[in-house]
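S.K.: below are the sequence and a predicted model for it; my questions follow.
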Amino acid sequence: MNCKINSSQKQNLAKRESIGQSTLSRRCFIKLTTIGGTSAGFIPCALAKAGFKLNYILSSSMYGTLPLGNIIPEVQKTGAETIDIWPRVHGNQREQMEEMGHGPFASLLQRHNVRLGCITRYDLGPFKLQPEMNVCAKLGGKLLVCGGSGPKGLEGNELKAAVKAFAEKMKPHIAAAEAAGIAIGIENHGNNLIDTPDSLKWFVEFAPSKNIGVAMAPYHLETLGQTAGDLAKLIRSLGNRIVMFYAWQHGMGCHKKLPKKQELLQMPGRGKLDFTPILQALKAVNYTGYTSIFMHPVPRGIPILPTAAETTVEINRARTYLQARLGKI
């Protein structure tokens with residue numbers, strides 16, 4: 001790509017940058033914003049909005065299996081306007097939705113000025129999502145998240161071929177998502193076909209639709225040796241093909257029972273991962289997807305802290321950390 005800027009444009013660019021703005025030629029802008037064949041492609045730092053902010057979503061699993069009536073009032077308190085509904089084993093709010101009925105659930109959301117943003121369905125996998133698309137869309141949701149599917153532990157050309165085959169299998173499901181007006185997010189879950197940086201890059205290449213993207217979990221990438229700098233580079237590569245970003249680090253892991261202080265090291269601002277370069281990258285690509293402050297407790301299905309109020313306080317502590325880092329960028 002060769003986007004030339006003449007001397008007059010350079011002078012104008014310098015003037016506008018002095019007040020926090022930038023400009024590029026229309027031809028260059030179009031090229032930059034259509035990488036990968038979609039307007040949701042990578043947008044470089046020069047085009048980042050001065051008023052960039054994270055679009056927080058609250059994952060219901062952070063509250064274990066507490067009732068929806070206890071969780072929904074907490075959403076606005078965490079700086080979010082939307083909720084991500086999880087099923088068992090991490091929570092059971094998806095099951096609660098069915099028990100109370102979709103109408104009463106929608107009324108509960110409305111009463112607390114909350115919207116459904118996402119339904120997470122790892123239990124269904126990528127090929128059984130179509131009935132759930134209708135539920136999600138009916139209730140105003142925009143995203144379904146699950147893991148990938150295919151052989152594990154591949155590298156190089158074998159991995160590339162397997163990712164391409166997975167993308168091909170997803171085509172009818174992507175078409176269904178487009179018809180429903182929602183997107184599918186594939187998480188880079190550990191021990192999965194889509195789990196490495198290469199698999200993620202090939203995935204967005206072979207599945208260029210704006211109705212499918214990446215649910216990016218730093219936790220799992222850290223287990224592969226990825227640093228904060230590596231994660232930032234990956235974000236810049238994937239751009240706005242990321243539809244969900246989990247503000248979640250490895251800490252001391254989430255599979256063995258640990259003292260709560262050690263378990264909470266998964267939360268932003270507690271463990272060793274510096275989120276500053278990650279946030280810089282998200283800002284550089286004008287990331288507009290959801291951001292979920294996240295961790296897994298041990299065992300699954302319990303709140304990260306004993307009560308809803310304590311859980312909300314911890315989420316807000318992490319949000320304060322992220323906002324402070326973002327404010328320094």
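M.R.: Yes, it's here.
S.K.: and M252, how far from Q266?
M.R.: According to Cβ to Cβ, to the nearest Å, M252 and Q266 sit 8 Å apart. Just so you know, the C-beta spots here come from the backbone N, C-alpha and C atoms, and that holds for glycine as well.
S.K.: actually, L58.
M.R.: Counting by Cβ to Cβ, the gap from L58 to Q266 is 16 Å.
S.K.: more neighbours, M252 and Q266?
M.R.: Neighbour count, other Cβ atoms under 10 Å: between M252 and Q266, Q266 has more, with 26 against 14.
S.K.: which parts of the stretch 1-150 of the chain are helices?
M.R.: 7-17, 26-32, 68-71, 93-100, 102-111, 130-138 (DSSP state H, counting those that start in this stretch).
S.K.: what sits up against the third one?
M.R.: Same thing as helix 68-71. Contacts with helix 68-71, where a contact means Cβ atoms under 8 Å, 6 or more residues apart in numbering, come from L58, S60, Y63, I83, Q93, Q96, M97, M100, F105, L108, A308.
S.K.: mind picking out the helix or strand in this structure with the poorest mean pLDDT?
M.R.: helix 26-32 (a mean of 34; mean pLDDT, DSSP states H and E).
S.K.: for the closest residue to K53 other than its chain neighbours, grab phi and psi.
M.R.: The shortest distance from K53 to any non-neighbouring residue, by Cβ to Cβ, 6 or more residues apart in numbering, is to L326 (7.7 Å). With angles defined as degrees, to the nearest 10, L326 sits at phi -60, psi -40.
S.K.: for L326, list the residues it contacts.
M.R.: Per Cβ under 8 Å, 6+ apart, neighbours of L326: F52, K53, L54, L279, K283.
S.K.: closest one to T320 out of those, please.
M.R.: Nearest to T320 among those: L54, at 12.4 Å, using Cβ to Cβ.
S.K.: pLDDT below threshold where in the stretch 1-150 of the chain?
M.R.: Scanning the stretch 1-150 of the chain with the threshold set as pLDDT under 70 gives 1-50.
S.K.: how distant is stretch 318-329 from the center of its chain?
M.R.: 18 Å (Cα atoms, centre = their mean, to the nearest Å).
S.K.: ditto for stretch 142-149
M.R.: 10 Å.
S.K.: and the strands in the stretch 101-250 of the chain?
M.R.: Remark: strands assigned in the stretch 101-250 of the chain by DSSP state E, counting those that start in this stretch are 115-120, 143-147, 183-187, 212-216, 242-247.
S.K.: the last one - contacts with which helices or strands?
M.R.: When you say that, I think you mean strand 242-247. strand 143-147, strand 183-187, strand 212-216, helix 218-222, strand 290-293 (3 or more Cβ pairs under 8 Å, 6 or more residues apart in numbering; DSSP states H and E).
S.K.: other residues contacting the first one?
M.R.: Read that as strand 143-147. By Cβ under 8 Å, 6+ apart, strand 143-147 touches 84, 117-122, 124-126, 129, 132-133, 136, 177, 182-187, 189, 192, 194, 215, 243-244, 290.
S.K.: got a PyMOL select line for the buried ones in those?
M.R.: The PyMOL command for the buried members of the contacts of strand 143-147 (criterion: 16 or more other Cβ atoms under 10 Å) is given here:
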select buried, resi 84+117+118+119+120+121+124+126+129+132+133+136+177+182+183+184+185+186+187+189+192+194+215+243+244+290
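S.K.: so what's the closest residue to L265 other than its chain neighbours up against?
M.R.: Spatially, and ignoring its direct neighbours in sequence, L265 is nearest to G251 (2.9 Å; Cβ to Cβ, 6+ apart). Contact analysis of G251 by Cβ under 8 Å, 6+ apart lists Q262, E263, L264, L265, Q266, M267, R270, G271, K272, M295.
S.K.: state the pLDDT value of G251.
M.R.: Note on G251: pLDDT of 97.
S.K.: any idea how far it is from M295?
M.R.: Taken as Cβ to Cβ, the span from G251 to M295 is 8 Å.
S.K.: mind listing the shared neighbours of those two?
M.R.: With Cβ under 8 Å, 6+ apart as the test, G251 and M295 both reach E263, L264, Q266, M267.
S.K.: quick one, what contacts the residue nearest to the last one when sequence neighbours are not counted?
M.R.: Nearest residue to M267, sequence neighbours excluded (Cβ to Cβ, 6+ apart): A318, at 4.8 Å. A318 makes contact with A247, M267, P268, G269, R270, I293 under the criterion Cβ under 8 Å, 6+ apart.
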